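Participant: pasting the sequence and the predicted model now:
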Amino acid sequence: MRQSKLFTKTKKESPADEVALNAELLIKAGFINKEMAGVYSFLPLGLRVIKKIEDIIRQEMDAVGGTEMRTSVFQNKEVWEKSNRWNDEEVDVWFKTTLKNGGEVGLSFTNEEAYSNILKQYINSYRDLPIYPYDFKNIFRNETRSKSGILRGREFYWKALYSFSKNEEEHNEFYEKMKESYKNIFRRAGIGHITYMTFASGGTFSKFSHEFQTITSAGEDTIFVDENKGIAINKEVYTDEVLDSLGVKKEELVENKAIEVGNIFSLGTKFSKPFDLKYKDENGVENDVVMGSYGIGLSRLMGTVVETLSDDKGIIWPESIAPFKVHLLALGGDENIKNSAEEIYTELNNKGIEVLFDDRNDLSAGEKFADADLIGIPYRVVVSKRSLADGGYEVKKRIEQTGKVLKKEELIDFLLTKVSY
RNA sequence: CGGGGUGUAGUAUAUCGGUAGUAUCCGUGUUUUGGGAACACGAGGGCCGGGUUCGAUUCCCGGCACCCCGACCA
């Protein structure tokens, strides 16, 4: 993509109405636009990041047998009355509105009811199970206080998968798979090293739920990390009894602030009962379906990455979710430079490498460098009088201070080298 | 929802009961091009409603919006 066609521009000044680092950097760099408290639009660069994250999650969900679908945002009152969650006393984050004919509808704040209601028609026999439908969608929560930029919005983008299993054993087997799946996702998104599977309160049907908590001072939760075991315990279940049952020692735990980027939860029959989700087994006997829920906030994950990976110049995107792999800068207006830049731009595109090409005229080198640092694309390639005199193109990683000059073929080889996540 | 704070050009800010200033951004022109270039000219502003006052952006009251702390949640 040519930067001359990218309508967003970077800002020098930090927004006055944001304190959160993620919002500050994402707004300055032109990834998001604030609409109101807790509500952000995703601009071209921001949407590319969201899509990259979505692709990673989709791959991992499909790998465990997930089937993607899309539930509606408008929610039917009658469906939610079955689980007694239409009630404002039970759920205080509903956005509700009224139809012309006087009927009420709500905007999705979670998906258990929608899935249970839909799957009711399709689950009859043991042959129909297990199944793992999931979707990506915008979720609406009327938070009393949204905060921290895109870490906690009133509208946010998430993935939710629900597992429908024949029994506890089958459920548990899948649940364990999802633990690994989630670890893969956060590793691939570039925050695996600071993200811990965290034991949290479980509800009626299991002792624990599992949260995936990323260490950051911007976090809302307090967790106790056991570095050796690679796990953590949420403050909400931090008791001697729990520590004993997990076999961890208090003196080996380190307290940290963290943000919950995902969670997995055993639901048991909490929803299959009210929705009458049953199946006949091989003997013709009716059994309750056993459910689980598995959520990830994609917009929150994006914010978490920014919150944890940046320097004083701007964002440092992990290659896996960066809006582009390469930021190509043409410095100066010589025909030689322009032609060389156009040439490499075309070749990289042909090789399938995503390039943001700063082809803007009349901008100083310093301004292009500053923009590149702020936007945070992993590889910066410079074409200039100097680079051409040195025999080619200067490539520098965002995380490194100095680059090197490569010939065209060397550069292409270098950029084509696969990085594994 | 309790507590605290803030509302001034697109953005970030200053001052002031009496013509609202600066930077950036934007437009035009000339000169620039390896770390947010220089000069000149130009365009652009007081959240809403009420009150006090000769006069309110400033003081008072109400509202709304936004931020932070707490409570609550992916």
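Facilitator: Everything's here; your move.
Participant: give me the low-pLDDT residue ranges for chain A?
Facilitator: A:418-421 (pLDDT under 70).
Participant: check which residues of the strand of greatest length in it are buried.
Facilitator: If you go by DSSP state E, chain A has its longest strand at strand A:253-268. For strand A:253-268, the neighbour count (16 or more other CB atoms under 10 Å) marks A:253, A:256, A:258-268 as buried. Glycine gets a C-beta too; all of them are placed from N, C-alpha and C.
Participant: can you give me the end-to-end distance of stretch A:391-404?
Facilitator: In stretch A:391-404, first residue to last residue: 11 Å (CA to CA, to the nearest Å).
Participant: that stretch near RNA strand B anywhere?
Facilitator: Yes - interface with RNA strand B: stretch A:391-404 contributes A:394, A:396, A:403 (CB under 7 Å from any atom of the strand).
Participant: hang on, the earlier thing: which neighbours does the longest strand of chain A have in its sheet, and in what orientation?
Facilitator: Strand A:253-268 has the following strand partners under DSSP bridges: strand A:208-215 (antiparallel), strand A:221-226 (antiparallel), strand A:290-297 (antiparallel).
Participant: between the ones you listed, which one is nearest to residue A:172?
Facilitator: Closest approach to residue A:172 among the strands paired with strand A:253-268 is made by strand A:290-297 (9.1 Å; CB to CB).
Participant: send the alpha carbons of the closest one over as CSV?
Facilitator: Output of strand A:290-297 as CSV, limited to C-alpha atoms (Å, rounded to 0.1, in the frame of the first residue of the first chain):
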residue,chain,number,x,y,z
VAL,A,290,-21.9,-30.6,28.7
MET,A,291,-20.7,-27.2,27.6
GLY,A,292,-17.7,-25.0,27.8
SER,A,293,-16.9,-21.4,26.8
TYR,A,294,-13.7,-20.0,25.4
GLY,A,295,-13.3,-16.2,24.8
ILE,A,296,-10.7,-13.8,23.6
GLY,A,297,-11.0,-10.1,23.2
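Participant: ok, and what's touching it?
Facilitator: The contact list for strand A:290-297 (CB atoms under 8 Å, 6 or more residues apart in numbering) reads A:57, A:111-112, A:116, A:134, A:156-168, A:170-171, A:174-175, A:178, A:182, A:185, A:212, A:261-272, A:277.
Participant: also near RNA strand B: which of those residues, exactly?
Facilitator: A:156, A:158, A:261, A:262, A:263.
Participant: out of these, who's nearest residue A:207?
Facilitator: Nearest to residue A:207 among those, with distances taken as CB to CB, is residue A:263, at 14.9 Å.
Participant: if I look at the most centrally placed residue in chain A, how far off is RNA strand B?
Facilitator: Residue closest to the mean C-alpha point of chain A, counted by CA atoms, centre = their mean, is residue A:298 at 2.8 Å. Going from residue A:298 to RNA strand B by CB to the nearest atom of the strand, to the nearest Å gives 8 Å.
Participant: tally of neighbours for the closest residue to RNA strand B within the stretch 301-421 of chain A?
Facilitator: Closest contact between the stretch 301-421 of chain A and RNA strand B, by CB to the nearest atom of the strand, is at residue A:366 (2.5 Å). Using other CB atoms under 10 Å, residue A:366 is surrounded by 9 other residues.
Participant: ditto for the one 10 residues further on
Facilitator: Summarising burial for residue A:376: neighbours were counted as other CB under 10 Å, giving 27.
Participant: wait, it sits on residue A:398?
Facilitator: Yes - shown here, residue A:376 and residue A:398 form a contact pair, counting by CB atoms under 8 Å, at 5.9 Å.
Participant: list residues touching both of the two?
Facilitator: By the contact definition CB under 8 Å, 6+ apart, residue A:376 and residue A:398 are jointly contacted by A:316, A:317.
Participant: show me where the stretch 51-200 of chain A has strands.
Facilitator: In the stretch 51-200 of chain A, the strands defined using DSSP state E, counting those that start in this stretch lie at A:67-69, A:74-76, A:95-98, A:104-107, A:133-140, A:155-165, A:195-201.
Participant: looking at those strands, which is nearest to residue A:383?
Facilitator: strand A:155-165 (36.2 Å).
Participant: let's see the closest one as CSV, backbone CA atoms only.
Facilitator: Output in CSV follows, covering the C-alpha atoms of strand A:155-165 (Å, rounded to 0.1, in the frame of the first residue of the first chain):
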residue,chain,number,x,y,z
GLU,A,155,-18.0,-2.0,22.2
PHE,A,156,-15.3,-4.5,21.5
TYR,A,157,-14.4,-7.3,19.1
TRP,A,158,-14.1,-10.8,20.4
LYS,A,159,-14.0,-14.4,19.5
ALA,A,160,-16.1,-16.9,21.4
LEU,A,161,-16.1,-20.6,21.0
TYR,A,162,-18.6,-22.9,22.7
SER,A,163,-17.9,-26.6,23.2
PHE,A,164,-20.8,-29.1,23.2
SER,A,165,-19.7,-32.5,24.6
